[in-house]
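> got a sequence here, can you model it:
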Amino acid sequence: MVRDAAFRSDEAGQLARRYILTTMMTAVMLTTALNEARGESTDYNIWKINERTGEAYYNTNALKIKNIGGRDISLLGVYDSLLGLIVTGMVEGPESAAVRTLRTKASPGVGRLWDAFSGTDFAGNEVIVQPVKDPVQTMQTAARMGANSYTPFFVGDVAEDVARGTAGAQSPFVMAGAFLGMKASPMTPNERRNYQVTKWVDELGPEQKQELGLLFRNQFNAMESVPVSEYRDLTGAAKSRFNQEFPLYDDLNIESLQKRARRGDEAALAQLNKILIEDIAMEEQAALADAYVKWLNNEPNMQGMVIPMDPAKIMSDLTDIRYRSWKAKKAQDRFFDQETSDPVSDDPVQRALSQYYQAMDNNTIPGTNHVNWNQFNRDLAKLHREWSPAQANAIENRSPAKIHPTFQQLWDDRQLVNQSAYYDVAQQIYERPIVQQALTALMGEDVPLYYDGFTDLIEAMFADPNIERQRMAFILSRLNGKLVPAIQNQRKQLIAEQPEIGEALQRLGRIRPNRQQVMQVA
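I've put the predicted structure just below:
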C-alpha cells in the first residue's frame, strides 16, 4: 500500500516516500549498530572495482548484518533487491540489469528456462537436463529448481541449512526473520574462510606468528605484525599452514571457483587451471618418490634395473618439476590476463613479488625450463638489499613449495643450508683483496665478479682448443687450488659451530658421514 502510494503526486505520495526513506535510513542505522555491537564492520560501498580487470560490479555484501549463523542479513528486505538492480544497471549496464531481472525477479518459469538453456543457475550451480543419460543429476536439478522457485524464503533458507548440514540454534531466527521480510543470504566460502582466518591468527602465539612471517623485525629493530583481516593478507607460509589445519575451506573455495567458472569468470578459470597444474606436479613428484624408495630398497625402479638416485639428482628433479609447474601457471595468468603481481603497484609487497619473478624470468635460458640459479641468487641478494623489512618478509614467507612427504626432509635440509652462511664462504674468500689483486695481475679487467663464475671460466678455458687459453686455465686452476683449502677450512668451522648444518649436508650427500671433509666446493 505504501509502495503504491509512493507513485502518487499528492500529499499522500509525499508522505509515503518519506516513510520509505525513513524506513531505509532506520534499517541502515540498525545494521550499523548491530554490527558494531558484535565487533563487525559495516560495508557501505554499494559497488566495488575488480582489482584485476578494473570493472565495477554490485557489492552484494553492502549494508548487511554480518555473520548471523553463517548468513548475512539485510533489514532492507525487498529494497535490497531493488538497490541491486539499480546499481547493476548503473555500473554494469542495462543488459546486465535485464539479465538479473529475468533470472531472479521474473516469473519462476522464465528464470528456470533461462537456467536450462545457459547450463547454470544464477548461483553458478550446474543445470543438467538429460533424463536418459544422467537421470540422477537431472532429478537433483529439478528438485533444486523447484525449491528455488516455489518454496517460501522463510522455509527455503532453513531447508538449505539442513541440506548443507549447517542447521543449528540460529535456524528458527533465520526463518522468523525471512517471514518478516528480512533478506538472508548465506556467506560465500571466501567470507567464511576470512572469518576463520582472523580467529585463527588471533589464537596464534608470538613464536608461531614469527615462524609464519606474520611477525617480523622492522627497520627500527622492533617487532611488527602483518595486519590480517582476510585470507589474502596471510603470508604464503601462513596460507599453507591454514590450509593444512582447515582443509574444508579449501574444498569450499574450489566449489566456489567452479561455480564462478561456469558463469564465465576468467579469474576463476585461471585459478582452477593452476590448481590442476599443481595436482599434475604432485603426481610427477609421487612417481619420482616411488622410484626413489625402490632404489633405497634395492628394488628395480626402471625396466627391471636398479637406477641410482642420489640426493643431488633428486633435488635437481624436484626443482625442475616445480619450475615447469610455475611456468605453466604463469602462462595461465598471461592467457587470462590475470597477472598476480604489478611492477608499479601501490602495494610494496606486490612490487617485490613482481621483482622476484622478473629476476627468475631474466635468468631463464630461452626456450628451456632451465634457470641459471647462481645468477638468480645473486640478483635476489641485490633485491634483498633494496627491499624494506616488510617486503623481504613477504618474499621469504611466500607460499612454500608443495613437496612429497618422501622428499620433505631433503627439501628442508637444502633450505637450511641455503639460508646459512655455508655457500657465502667461497665468495667471501674470493673477494679478499689479495685474491683480487692476483687475479687482476693475470686477467686484467676480465676478472669474474663471482667465485662460481670464476670456476666456470676455468672449465670453459680447459675445453677451449686455443692453447693460450688452456695455459691460462692451468695457471688459474693452481690459484684456485690455494683457495679451496681455505674455503673447506672455513666451512668446517661453520659446521662445528652449527652441527645441524653438518647433519643436513650429510643427508644431502654434500659431505661424508661422520667426517667434515667437503665433497664439493662450488
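
> how about the strands in the stretch 201-350 of the chain?
Assigned by DSSP state E, counting those that start in this stretch, the strands in the stretch 201-350 of the chain fall at 215-217, 223-225.

> quick one, domains of this structure?
Following automatic domain parsing, one gets these domains for the chain: 2-105+151-187, 424-507.

> pLDDT on the shortest one, on average?
For domain 424-507, the per-residue pLDDT values average out at 91.

> start to end distance for that domain?
Length of domain 424-507, first residue to last, C-alpha to C-alpha, to the nearest Å: 20 Å.

> switch to numbering from 18
Sure, I'll start counting at 18 from here, so that last one is domain 441-524.

> just to revisit the earlier point, reformat the domains of the chain as JSON lines; add distance to residue 262 and mean neighbour count.
Every C-beta, even on glycine, is put in place using the N, C-alpha and C of the backbone. Below are the domains of the chain laid out as JSON lines (distance: least, C-beta to C-beta, whole Å; neighbours: other C-beta atoms under 10 Å):
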{"stretch": "domain 19-122+168-204", "distance to residue 262": "20", "mean neighbour count": "15"}
{"stretch": "domain 441-524", "distance to residue 262": "27", "mean neighbour count": "15"}
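
> pLDDT of stretch 390-402, averaged?
For stretch 390-402, the mean per-residue pLDDT is 80.

> and that stretch, C-alpha only, in CSV?
In CSV, the C-alpha atoms belonging to stretch 390-402 read as follows (Å, rounded to 0.1, in the frame of the first residue of the first chain):
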residue,chain,number,x,y,z
TRP,A,390,70.3,-20.4,-10.3
ASN,A,391,73.7,-18.9,-9.3
GLN,A,392,72.9,-15.7,-11.1
PHE,A,393,69.3,-15.7,-9.9
ASN,A,394,70.6,-16.0,-6.3
ARG,A,395,73.0,-13.1,-6.9
ASP,A,396,70.2,-10.9,-8.3
LEU,A,397,67.9,-11.9,-5.4
ALA,A,398,70.6,-10.8,-2.9
LYS,A,399,70.7,-7.4,-4.6
LEU,A,400,66.9,-7.1,-4.3
HIS,A,401,67.1,-8.0,-0.6
ARG,A,402,69.4,-5.1,0.0
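
> now stretch 34-54: mean pLDDT?
pLDDT averaged over stretch 34-54 gives 84.

> where's that stretch relative to the chain centroid, distance-wise?
Computed by C-alpha atoms, centre = their mean, to the nearest Å, the chain-centroid distance of stretch 34-54 equals 38 Å.

> what about residue 378, which SS state?
Following DSSP: H, G, I helix; E, B strand; the rest coil, we place residue 378 in the helix state.

> tell me how far it lies from residue 25.
66 Å (C-beta to C-beta, to the nearest Å).

> if we can go back for a sec, among the strands of the stretch 218-367 of the chain, which comes closest to residue 523?
In terms of C-beta to C-beta, the element of these nearest to residue 523 is strand 232-234, at 31.3 Å.

> name the residues of the closest one that are buried.
232-233 (16 or more other C-beta atoms under 10 Å).

> parallel or antiparallel, which strands does it pair with?
strand 240-242 (antiparallel) (DSSP bridges).

> nearest to residue 349, out of the strands of the stretch 218-367 of the chain?
Judging the strands of the stretch 218-367 of the chain by C-beta to C-beta, what sits closest to residue 349 is strand 232-234, at 31.0 Å.

> for that closest one, give me every contacting residue.
Under the contact criterion C-beta atoms under 8 Å, 6 or more residues apart in numbering, strand 232-234 has outside partners 223, 226-227, 240-243, 406-407, 410.

> mind checking which of these are buried?
Among those, those buried by neighbour count (16+ other C-beta under 10 Å) are 226-227, 243, 410.

> need those in a markdown table (columns: pLDDT).
Shown next, in a markdown table, are the buried ones among the contacts of strand 232-234 (pLDDT from 0 to 100):
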| residue | pLDDT |
| --- | --- |
| 226 | 91 |
| 227 | 89 |
| 243 | 87 |
| 410 | 82 |
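
> and those residues, which of them are in helices?
The subset of the buried ones among the contacts of strand 232-234 located in helices under the criterion DSSP state H comprises 226-227, 410.

> among these, which one lies nearest to residue 87?
Nearest to residue 87 among these, with distances taken as C-beta to C-beta, is residue 226, at 27.5 Å.

> doesn't residue 242 make contact with that closest one?
Yes - using C-beta atoms under 8 Å, residue 226 is in contact with residue 242, at 7.1 Å.

> low pLDDT regions in the stretch 18-167 of the chain?
For the stretch 18-167 of the chain, applying pLDDT under 70 flags the ranges 18-24, 67-71, 86, 94-96, 99, 102, 104, 108-109, 112-167.

> hey, where'd the helices end up in the stretch 418-539 of the chain?
425-436, 441-447, 450-460, 468-480, 484-514, 516-524 (DSSP state H, counting those that start in this stretch).

> okay, those helices in a markdown table with distance to residue 84 next?
A markdown table is the format used below for these (distance: least, C-beta to C-beta, whole Å):
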| stretch | distance to residue 84 |
| --- | --- |
| helix 425-436 | 37 |
| helix 441-447 | 50 |
| helix 450-460 | 64 |
| helix 468-480 | 55 |
| helix 484-514 | 52 |
| helix 516-524 | 45 |
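
> what's the closest of the ones you listed to residue 384?
With C-beta to C-beta as the criterion, residue 384 lies closest to helix 468-480 of the helices of the stretch 418-539 of the chain, at 20.8 Å.

> relative to residue 332, which of the strands of the stretch 218-367 of the chain is closest?
Residue 332 lies closest, by C-beta to C-beta, to one member of these: strand 232-234, at 28.1 Å.

> how near is residue 445 to residue 270?
Distance, residue 445 to residue 270, using C-beta to C-beta: 46 Å.

> kindly report the same for residue 60.
For residue 60, the distance to residue 270 - C-beta to C-beta - is 21 Å.

> check residue 514 too.
45 Å.

> do residue 480 as well
Going from residue 480 to residue 270 by C-beta to C-beta gives 53 Å.

> the closest residue to residue 504 other than its chain neighbours and residue 73: what is the separation?
Distances taken as C-beta to C-beta, 6 or more residues apart in numbering place residue 443 nearest to residue 504, at 4.9 Å, with adjacent residues excluded. As judged by C-beta to C-beta, residue 443 and residue 73 stand 55 Å apart.

> residue 73 against residue 64, yeah?
Yes - using C-beta under 8 Å, residue 73 is in contact with residue 64, at 5.2 Å.

> just the buried residues of stretch 383-400, please?
So for stretch 383-400, counting by 16+ other C-beta under 10 Å, buried means 388, 391, 393, 395-397, 400.

> how about residues contacting that stretch?
Contacts of stretch 383-400 (C-beta under 8 Å, 6+ apart): 336-337, 340-341, 344, 369, 372-373, 376-377, 379-382, 467, 469-470.

> can you turn the buried part of these into a ChimeraX selection?
In ChimeraX, this line selects whichever of these come out buried by 16+ other C-beta under 10 Å:
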select :336,340,369,372,373,376,377,380,467,469
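
> look up how far residue 432 lies from residue 421.
Distance from residue 421 to residue 432, by C-beta to C-beta: 15 Å.

> tell me which of the two has more neighbours.
residue 421 (20 against 13; other C-beta atoms under 10 Å).

> show me the contacts for the more buried one.
299, 302-303, 305-306.

> most neighbours among the residues you listed, please name it.
Per-residue neighbour counts (other C-beta under 10 Å) across the contacts of residue 421 peak at residue 302, which has 22 neighbours.

> so what pLDDT did it get?
In the predicted model, residue 302 carries a pLDDT score of 92.

> and the gap between it and residue 337?
Distance of residue 302 to residue 337, computed by C-beta to C-beta: 11 Å.

> same check on residue 225?
33 Å.

> go on, residue 239?
Per C-beta to C-beta, residue 239 is found 41 Å from residue 337.

> helix/strand/coil for residue 56?
coil.

> can you list the weak-confidence ranges in the stretch 168-317 of the chain?
In the stretch 168-317 of the chain (pLDDT under 70), the answer is 168-201.

> can you give me the helices in it?
Under DSSP H, counting those that start in this stretch, the stretch 168-317 of the chain gives helices at 170-181, 188-196, 206-220, 223-228, 253-262, 264-279, 283-313.
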